[in-house]
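Enquirer: 3D model of this:
(2 chains)
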Amino acid sequence: MKFQEITFTDTNAQRLYKDYIGRVKHAIKDLNKENQHETLLEINSHIYEAFTLSKTNEVESLLDIFDKLGRPEIFLKELVAEKRLEEATKTFNPVKIIKALFLNITNGIMYVIFLLLYLSLFSFLFLIFAKIFDPENVGFFYRNNDIFVLGKINSSTLNYQQYEQLGNWFIPVMAVSAFVLYIIITFLLKFSKRLKNK
Amino acid sequence: MNEEYKNKWISQLKKGTLSFIVLNILNKDKEYYGYDLISEIKRITDIDIAEGTLYPLLIRLKNENLVEHNWVEQQSGIPRKYYRITKEGKATIAQMKAYWDNLNQTINSI
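Expert: Reported below is the predicted structural model:
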């Protein structure tokens, strides 16, 4: 279905219309092409239907219609935030997910929690780099009733290095753990609304 | 009287009941396009809604599988997006109505 501009006889009305449609396009520019198109078609349809029933001149009619619809930057904000999150979880793109969560941060505590969960994944990245720069004191140290550390130990204290369990597997295990947790958190985020309503 | 507090309460009530009103209208087994639906809301209630807010609401109702839609081409070249209630929507509005009636009775009995 193709987007078709509404034409007006009054050039001022045409300018007003183009300006408003431009603002709608700008407000939804971060959505995927399909959602952008659908939203634009629906707002355009609203303007057209309202305009055909109006009895005043073109400029006055349009001003009245836009006034009742509201500012696109405001009434489309929540919609864009929701759609972006939906798109982001479909693609599993971490940058898109983080951006979408920031947009949704005012829509509920749930999104703040998810944002923190995602940010916590950086600790795995930190451990991987720490292992490269300090292989002796970074790792998974475990001894029953004595030590349980995933991270860095102080080299000046007891000789705990001998209890490191993963050795050369530490970096691959951290990378795989981060990846698996990322997938789990994303699935939880994807279905969070459904879980919330059950 | 605290006019400001009353107006805030009315505004919250309107916002909270809009989805209830929309589902009730669609429950008449008639399809509505966005502008038509807004006109119907205005006709049967005295709620003066910010019209733009209806569209995000309709998308949420669609995401919850309570309504569905289809685009219909028009001679004008500007298509209309018609909304109708789903089976799940009908079941949900029946429960919402029962709750609303119960709440109404409780409030009236106070």
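Enquirer: ok and the residue in chain B nearest chain A?
Expert: residue B:52 (3.2 Å; Cβ to the nearest Cβ). The way it works is simple: take the backbone N, C-alpha and C, and place the C-beta from them, glycine included.
Enquirer: just give me the neighbour total for that residue.
Expert: 21 (other Cβ atoms under 10 Å in any protein chain shown).
Enquirer: in this structure it contacts residue A:67, no?
Expert: No: assessed by Cβ atoms under 8 Å, residue B:52 is found out of contact with residue A:67, at 10.4 Å.
Enquirer: can you list the residues of chain B near chain A?
Expert: Residues of chain B lying close to chain A by Cβ under 8 Å from any Cβ of the partner chain are B:33-36, B:50-53, B:55-56, B:59-60, B:63-64, B:71, B:73, B:76-81.
Enquirer: among the residues you listed, which ones are in helices?
Expert: B:34, B:35, B:36, B:55, B:56, B:59, B:60, B:63 (DSSP state H).
Enquirer: now the residues you listed: which count as buried?
Expert: Applying 16 or more other Cβ atoms under 10 Å in any protein chain shown to these, the neighbour count classes B:34, B:35, B:36, B:55, B:56, B:59, B:60 as buried.
Enquirer: dump the residue contacts of the first one.
Expert: Going back to what we said before, that points to residue B:34. By Cβ atoms under 8 Å, 6 or more residues apart in numbering or on different chains, the residues touching residue B:34 are A:42, A:45, A:46, A:49, B:54, B:55, B:58, B:81, B:83.
Enquirer: run through the residues that contact residue A:148.
Expert: A:141, A:142.
Enquirer: again with residue B:35
Expert: Counting by Cβ under 8 Å, 6+ apart, residue B:35 makes contact with A:45, A:46, A:49, A:50.
Enquirer: which residue packs closest to it, ignoring adjacent ones?
Expert: residue A:49 (3.8 Å; Cβ to Cβ, 6 or more residues apart in numbering or on different chains).
Enquirer: ok, the one you found - how many residues close by?
Expert: Other residues close to residue A:49 by other Cβ under 10 Å number 20.
Enquirer: same check on residue A:119?
Expert: 11.
Enquirer: ok, whichever strand or helix holds it near chain B or not?
Expert: Residue A:119 belongs to helix A:109-120 when elements are defined using DSSP states H and E. No: on the criterion Cβ under 8 Å from any Cβ, helix A:109-120 is out of touch with chain B, staying 15.4 Å away.
Enquirer: can you tell me how far the residue of chain B closest to chain A sits from residue B:7?
Expert: Using Cβ to Cβ, to the nearest Å, residue B:52 is found at 20 Å from residue B:7.
Enquirer: what do you get for residue A:87?
Expert: Residue A:87 is 37 Å from residue B:7, by Cβ to Cβ.
Enquirer: neighbour count winner among the two?
Expert: Per other Cβ under 10 Å, whichever of residue A:87 and residue B:7 has more neighbours is residue A:87, with 18 against 10.
Enquirer: can you tell me the element that one falls in?
Expert: helix A:77-91.
Enquirer: what residue in chain A comes nearest to chain B?
Expert: Closest point on chain A to chain B, by Cβ to the nearest Cβ, is residue A:75, at 3.2 Å.
Enquirer: verify the stated contact: residue A:138 with residue A:149.
Expert: No: Residue A:138 is beyond contact range of residue A:149, at 9.6 Å (criterion: Cβ under 8 Å).
Enquirer: looking at the two, which is more packed in?
Expert: Taking other Cβ under 10 Å, residue A:138 and residue A:149 do not tie; residue A:138 has more neighbours (23 against 16).
Enquirer: could I get the pLDDT score of the more buried one?
Expert: Per-residue confidence (pLDDT) for residue A:138: 88.
Enquirer: quick check: it vs residue A:180, distance?
Expert: In terms of Cβ to Cβ, residue A:138 sits 21 Å off from residue A:180.
Enquirer: ditto for residue A:32
Expert: From residue A:32 to residue A:180 the distance is 27 Å (Cβ to Cβ).
Enquirer: picking up where we left off before, among the contacts of residue B:34, who's most crowded?
Expert: Comparing these by number of neighbours (other Cβ under 10 Å), residue A:46 comes first, having 25 neighbours.
Enquirer: is that one within a helix or a strand, and which one?
Expert: helix A:33-53.
Enquirer: average pLDDT for that helix?
Expert: Helix A:33-53 comes out at a mean pLDDT of 93.
Enquirer: and residue A:93, backbone torsions?
Expert: phi -80, psi 110 (degrees, to the nearest 10).
Enquirer: what distance do you get for it to residue A:29?
Expert: Taken as Cβ to Cβ, the span from residue A:93 to residue A:29 is 17 Å.
Enquirer: most centrally placed residue in chain B?
Expert: Central residue of chain B (Cα atoms, centre = their mean): residue B:22, 1.8 Å from the mean position.
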